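Novice: generate coordinates for the sequence data below:
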Amino acid sequence: MSLSFNKKYFLAFCFLFLIEALIAAFLNDPFIRPYVGDFLAVILIYTFLKSFTSLSVKQAAFGTLIFSYLLEFSQALGLISWLGMEESLAAKLILGHAFSWGDMVAYTLGILLVLIVERKNSNL
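Specialist: Just a heads-up that it's a prediction; the model follows:
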C-alpha cells in the first residue's frame with residue numbers, strides 16, 4: 001500500500017461526512033440515525049481510505065468492514081467504560097456505546113453497496 005490522493009473518493013467522503021453530520025445534528029429517530037447512519041458510516045470510512053491510499057477495492061472494503069465489526073464488538077465489551085469515558089459525547093459518537101446486531105447488518109449492507117457500485121464502475 002502506498003499513499004496517493006484520489007479526488008473522486010475525497011469528494012464522496014466530504015459529501016458523506018456532511019450527510020452524517022446533518023443526521024447526527026438534526027435527527028433522533030429510531031431508524032435513520034441508527035441504521036442509515038451506520039450504513040453510510042462504513043461507506044464514509046471506505047471513501048476516506050480510498051481518498052488517501054492505493055488499497056484495492058477489496059482490501060479497503062474488507063478492512064473497513066473488519067474495523068467496523070471490531071468497533072461494534074468493543075461496545076459489547078464495554079470499551080468506553082473500561083477507558084473511563086462514559087461521559088464523553090465524542091467517545092460515544094466515535095466508538096458507540098451499545099452493541100447491536102442491527103448495526104452489524106447495516107455495516108455489511110453498506111459494504112455490499114460499495115462492492116456493487118465499484119463493480120458497476122469497473123474498479124473491482
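Novice: only C-alpha atoms for contact and neighbour calcs from this point on.
Specialist: Fine.
Novice: what comes into contact with the worst-scoring helix or strand of the chain on mean pLDDT?
Specialist: Counting by mean pLDDT, DSSP states H and E, the chain has its least confident helix or strand at helix 89-95, which shows a mean of 80. Helix 89-95 is contacted from outside by 71-72, 74-75, 80, 85-86, using C-alpha atoms under 8 Å, 6 or more residues apart in numbering.
Novice: in that helix, what counts as buried?
Specialist: By 16 or more other C-alpha atoms under 10 Å, the buried positions in helix 89-95 come out as Leu95.
Novice: same question for stretch 11-29.
Specialist: For stretch 11-29, the neighbour count (16+ other C-alpha under 10 Å) marks 12-13, 16-17, 19-20, 23 as buried.
Novice: sort out for me which of those are in helices.
Specialist: Members of these lying in helices (criterion: DSSP state H): 12-13, 16-17, 19-20, 23.
Novice: next one: the spatially most distant residue from the centre of the chain from Glu72, what distance?
Specialist: Going by C-alpha atoms, centre = their mean, the residue of the chain most distant from its centre is Gly84, 23.8 Å out. Plainly put, Gly84 is 18 Å away from Glu72 if you go by C-alpha to C-alpha, to the nearest Å.
Novice: same thing with Pro34?
Specialist: Going from Pro34 to Glu72 by C-alpha to C-alpha gives 13 Å.
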